[in-house]
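S.K.: how does the following fold in three dimensions:
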Amino acid sequence: MGRLEKMKERYEEIVIPQELNARIEQEIMKSRRQQTEKSRAGKRRRYQKIIRSMEAMAAAVGILFTAALNTSPAFAKEAAQLPVIGGLARILTFRSYETEKDDIAVSVEIPTIEMIAEDTGIMVDGINEEIFTRCSQYAEDAVLRAEEYRNAFLETGGTPEEWKEHKIKITVNYEIKQQNNDYLSFVVRGTENWSNAYNESIYYNLDLNTGKLVTLEEMLGSNYMELVNESIREQIAERQKAGEIFFAAEEGGFTGISQEVKFYINEENRPVIVFAKYEIAPGASGEIEFEIVKEGPPSSQETQ
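M.R.: Residues are numbered from 1 along each chain as shown. Presented below is the predicted three-dimensional model:
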């Protein structure tokens, strides 16, 4: 038997104490646990880096997404099928269509409020149903008015070719004024380009902290009418000095707001009073707006 074989035989005959075996197994298990923890820690660090990168990309995409919603109704319509990105609520196009009959063109875009944060408890189904009903009814009534106008035009000697030159168009659309975690403010408009008599603008201002439509009193305090009237009179005087024309009180000009005055909430979370075309100024001025700034220190919502 060679020397190497004898050494191997003696090695195999060595009896290892049981307690030593136990200690060896413990050390082996300890080493494995340490390696496992290191591996998990490394995975966690890599995961956290990925999450931070995703959050940064989501923020950038969110800005582009909101801008596209506000400026592109076509994109807004398709966005209902996309994953939700940030915020508590958003406005999407619920229904959109265009038709033309007897040279009467109709373009309709009906908005809907979608709650993103479902655990807020805010219910918007009633508001959405109201918006849909109003928009649909306005479009239907406007088509009837245009058809009556067409019939009267033809019956009094007008020709179909002359009628076509009128380029009659009925439009129902919306515009987002403010969309953040405090307020959702937007206006739904119905217009008929051949007559201003039936044009209509409806403003919706949803307080996302309460889930209710916010009022001027809630935003400005119990003396809101006095505050708003004083502010508007001061602004009218300044604008008149700059050359703007307003009707005098005896001509139907501004004499004070009513409880039903229209307003929206701007990017500074301030109410903006809106007067319709011809309401307090000549039609060339279009809609007249007045931003109202509450006296005293700004609220927490204004500073956000």
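
S.K.: all contacts plus neighbour counts: C-alpha atoms, from now on.
M.R.: OK.

S.K.: show me where the stretch 101-250 of the chain has its strands.
M.R.: For the stretch 101-250 of the chain, the strands defined by DSSP state E, counting those that start in this stretch cover 104-115, 168-179, 183-192, 195-207, 212-213.

S.K.: any low-confidence regions in this structure?
M.R.: Scanning the chain with the threshold set as pLDDT under 70 gives 1-87, 117-119, 296-304.

S.K.: try 90 this time
M.R.: 1-90, 115-124, 180-181, 195-197, 208-211, 294-304 (pLDDT under 90).

S.K.: now residue 274. Nearest residue, chain neighbours left out?
M.R.: residue 289 (4.6 Å; C-alpha to C-alpha, 6 or more residues apart in numbering).

S.K.: now the one you found: phi and psi?
M.R.: With angles defined as degrees, to the nearest 10, residue 289 sits at phi -120, psi 150.

S.K.: pretty sure it contacts residue 277?
M.R.: No: Residue 289 lies out of contact with residue 277 (C-alpha atoms under 8 Å); the separation is 10.5 Å.

S.K.: looking at the strands of the stretch 101-250 of the chain, which is nearest to residue 138?
M.R.: Closest to residue 138 of the strands of the stretch 101-250 of the chain is strand 183-192 (C-alpha to C-alpha; 6.8 Å).

S.K.: pull up the pairing partners for the closest one, direction included.
M.R.: Using DSSP bridges, strand 183-192 pairs in its sheet with strand 168-179 (antiparallel), strand 195-207 (antiparallel).

S.K.: ok, and what's touching it?
M.R.: Strand 183-192 is contacted by residues 89-90, 135, 138-139, 142, 168-179, 198-209, 264-266, 269 when judged by C-alpha atoms under 8 Å, 6 or more residues apart in numbering.

S.K.: which of those residues are buried?
M.R.: 89-90, 135, 138-139, 142, 168-179, 199, 201, 203-208, 264-266, 269 (16 or more other C-alpha atoms under 10 Å).

S.K.: how about the helices of the stretch 151-300 of the chain, start to end?
M.R.: 160-164, 216-220, 224-241 (DSSP state H, counting those that start in this stretch).

S.K.: name the residues of the second one that are buried.
M.R.: Translated: helix 216-220. Buried, per 16+ other C-alpha under 10 Å, within helix 216-220: 216, 220.

S.K.: that one - contacts with which helices or strands?
M.R.: Helix 216-220 sits against no helix or strand, with contacts defined as 3 or more C-alpha pairs under 8 Å, 6 or more residues apart in numbering; DSSP states H and E.

S.K.: give me the contact list for that helix.
M.R.: Contacts of helix 216-220 (C-alpha under 8 Å, 6+ apart): 223-224, 271, 294.

S.K.: again with stretch 97-106
M.R.: 107-109, 139, 143, 146-147, 163-164, 167-171.

S.K.: rerun that using 10 Å as the cut-off
M.R.: 107-110, 139-140, 142-143, 146-147, 150, 160-161, 163-172, 192 (C-alpha atoms under 10 Å, 6 or more residues apart in numbering).

S.K.: quick one: terminal-to-terminal distance for stretch 270-287?
M.R.: 18 Å (C-alpha to C-alpha, to the nearest Å).

S.K.: what are the contacting residues of it?
M.R.: So stretch 270-287 is contacted by 196, 199-201, 203, 205, 215-216, 219-220, 228, 232, 244-249, 251-255, 257, 261-266, 288-294, 301-302 (C-alpha under 10 Å, 6+ apart).

S.K.: which among the residues you listed end up buried?
M.R.: 199, 201, 203, 205, 215-216, 220, 228, 232, 246, 254, 262-266, 288, 290-294.

S.K.: ends of stretch 158-170, what's the gap?
M.R.: 21 Å.

S.K.: burial check on residue 190, number of neighbours?
M.R.: By other C-alpha atoms under 10 Å, 21 other residues sit near residue 190.

S.K.: is it bridged to anything, and to what?
M.R.: If you apply DSSP bridges, the partners that residue 190 bridges to are residue 172, residue 200.

S.K.: residue 93 too?
M.R.: If you apply DSSP bridges, the partners that residue 93 bridges to are residue 111.

S.K.: quick one on the thing from earlier: which among the contacts of helix 216-220 count as buried?
M.R.: For these, a burial check counting by 16+ other C-alpha under 10 Å picks out 224, 271, 294.

S.K.: any chance of a markdown table for those, columns distance to residue 281?
M.R.: Formatted as a markdown table, the buried ones among the contacts of helix 216-220 follow (distance: C-alpha to C-alpha, whole Å):
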| residue | distance to residue 281 |
| --- | --- |
| 224 | 23 |
| 271 | 21 |
| 294 | 25 |
